[in-house]
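Asks: Take a look and give me a structure for this.
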Amino acid sequence: MSRAKALQYYVASRVLLAPLMLWIVTTAVFLLLRATPGDPVDAILGPRAPEAFKTELRDQLGLSGSIFAQYGSYMLRLLQFDLGESVSSRGQTVWEIVGEFFPATLELAIGGSIVAFSVGIAIGMLSASRPNTAWDLGGRLFGIITYSIPMFWAGMVLQSLFAVKLGWFPLGTRFPLGLPAPDGPTGLYTIDSLLHGNLPQFAATIHHLALPCLTLGLLLSGIFERIVRVNLRKTLTSDYVEAATARGIPERTILVSHALRNAMIPVITVMGLTAAALLGGAILTEVTFSWPGLASRLYEAISARDYPTVQGIVVFFAAIVVVVSILIDILNAAIDPRIRY
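Replies: The predicted structure is shown next:
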């Protein structure tokens, strides 16, 4: 089988497996929510609420009937792309909540990714190019420390230092209160402010976005630092790098144009795995910084026992992780000719 045919077969198999992965996630969410102790109807309405109101809310939450009937109704709605209607936000569907809050999460995730990739790759390159030195030791310590620090603790420390004591960054909002926020088709304040050519709005958006993105990005950068360091160090000792050195090619050219390109292949693979960690970190970051994103809205829905909103947001996040993982696998397979399927 030719490589092109093998790659097409691999891509097709990954795409066909995506619904199975989503079904497993949605089933797990359905069962875990119903396995939690307590009656969500009593938690929402109170134990003294009229029985008619409780029955109506149980129907809305999909809690009436047997567990099999609930599951069948839940899956039937999902097949119709119906995520249900929120209980804690009356009159608002889960899709409307996703459309309202997801741009803030996406903006935070993109900013955190940029910080994580740039810082992790830069420190990994510096550490790998100077083995057994203070730079190497510092890079390894950076990777270990950033990987092990709890996200919520780091967020509180950075807020206390840079926002409260130094006053360099604002807290709790995406944009200054009292000023009109950027309005545009994407919902991303950075993009919409640039589309309107409003540089003051863009600067204000970056100012509010900086500290949450730095927190999320720095704590995820340790993953990339360790992978880049290990793979780049292995690549720098390979035969073709030694041959390039013998031909008199400058060290910087060898590092960037030859060694780093091959060392980046495992990094691209890990990017797909980091998508789940990025969304998980976004939840903790949004809650810690009171960032008005979808992950923060998920936390509120869990606290309110809002089943439709919790199920819908988790399924939406799971779909994103599955799609990103497939795209990363396809990209990795396309750029690495050594991979065979």
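Asks: Could you identify the helix or strand that succeeds the one helix or strand in the chain whose mean pLDDT sits lowest?
Replies: Every helix and strand of the chain was ranked by mean pLDDT, DSSP states H and E. The lowest is helix 40-45, at a mean of 69. Proceeding N to C from helix 40-45, the next assigned helix or strand is helix 51-61, under DSSP states H and E.
Asks: what mean pLDDT would you report for that next one?
Replies: Averaged over helix 51-61, pLDDT sits at 74.
Asks: Report all helices and strands that it contacts.
Replies: helix 40-45, helix 307-335 (3 or more CB pairs under 8 Å, 6 or more residues apart in numbering; DSSP states H and E). Glycine gets a C-beta too; all of them are placed from N, C-alpha and C.
Asks: show me the contacts for the closest residue to residue 233 other than its chain neighbours.
Replies: What sits nearest to residue 233 in space, not counting adjacent residues and going by CB to CB, 6 or more residues apart in numbering, is residue 128, at 4.4 Å. Listed by CB atoms under 8 Å, 6 or more residues apart in numbering, the contact set of residue 128 reads 136, 139, 228, 229, 230, 232, 233, 236, 263.
Asks: For residue 128, report the pLDDT, please.
Replies: 80.
Asks: What strand or helix carries it?
Replies: Going by DSSP H and E, residue 128 is in helix 94-129.
Asks: Could I get the buried residue list for that helix?
Replies: 94-95, 97-98, 101-113, 115-117, 119-121, 123-129 (16 or more other CB atoms under 10 Å).
Asks: could you point out which element follows that helix?
Replies: helix 134-148.
Asks: Just the mean pLDDT for that next one, thanks.
Replies: 85.
Asks: helices or strands next to that helix in the packing?
Replies: Checking 3+ CB pairs under 8 Å, 6+ apart, helix 134-148 ends up next to helix 94-129, helix 199-236.
Asks: what would these look like in CSV with distance to residue 177?
Replies: As requested, these are exported to CSV (distance: least, CB to CB, whole Å):
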stretch, distance to residue 177
helix 94-129, 15
helix 199-236, 11
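Asks: quick one, which of those helices is nearest to residue 144?
Replies: helix 199-236 (7.1 Å; CB to CB).
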